[in-house]
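Visitor: Take a look and give me a structure for this.
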Amino acid sequence: MTTADDDLVTQHSRRRLPVLALVLLAALVNLPLVTTVREDRRLDDDATSVSAPARIVGEPAARHVVVSLPDAVDGPGPEQAVTLTADAARAVQRTGEVRVSYLADDPSVYRVEGTSSPLLVIGLVGDGVLVLLVALFWVAVRRRRPVDA
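Guide: Model (predicted):
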């Protein structure tokens, strides 16, 4: 191999490294979102749904609720504090219960009815920041390159 060939291989490797880093960053930013969507689909298809005792904490308008998780659910503890939608909080105030769906084969995957996951918004913001960083990097690299005469 000649030095010209070595330079070509080095140039090609240098171009591939930023693309590989970008793909890795995109995968890391979107991995929690993909996992959550996958678990939500499994919950929609195969979940066991039960009523669980719940109580409003603080002002009812704040929608903060403490749910007593069923024994079959492998949660962070016997009770979990969640923020519900306004309709779900009114239902808890009326009945003192909320529906909890969980996977019998994986009890650590569960959902309290009336909660929403912020992961979609976080994922989209992360993707936006990633696009912005790539654009800034591209502009910086373009300015650094000498103009051919």
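Visitor: Dig out what residue 80 forms beta bridges with.
Guide: Per DSSP bridges, residues listed as beta-bridge partners of residue 80: residue 67.
Visitor: Verify the stated contact: it with residue 69.
Guide: Yes: the pair formed by residue 80 and residue 69 meets the contact definition of Cβ atoms under 8 Å, at 5.8 Å. C-beta here means a position set from N, CA and C on the backbone, and glycine is covered the same way.
Visitor: quick one, which of those two is more surrounded?
Guide: Counting neighbours by other Cβ atoms under 10 Å for residue 80 and for residue 69 shows that residue 69 has the greater number, 22 against 19.
Visitor: residues near the closest residue to that one other than its chain neighbours, how many?
Guide: Excluding the flanking residues, the one nearest residue 69 by Cβ to Cβ, 6 or more residues apart in numbering is residue 75, at 4.5 Å. Counted by other Cβ under 10 Å, the residues lying close to residue 75 total 16.
Visitor: Repeat that for residue 108.
Guide: The tally of other residues near residue 108 (other Cβ under 10 Å) stands at 11.
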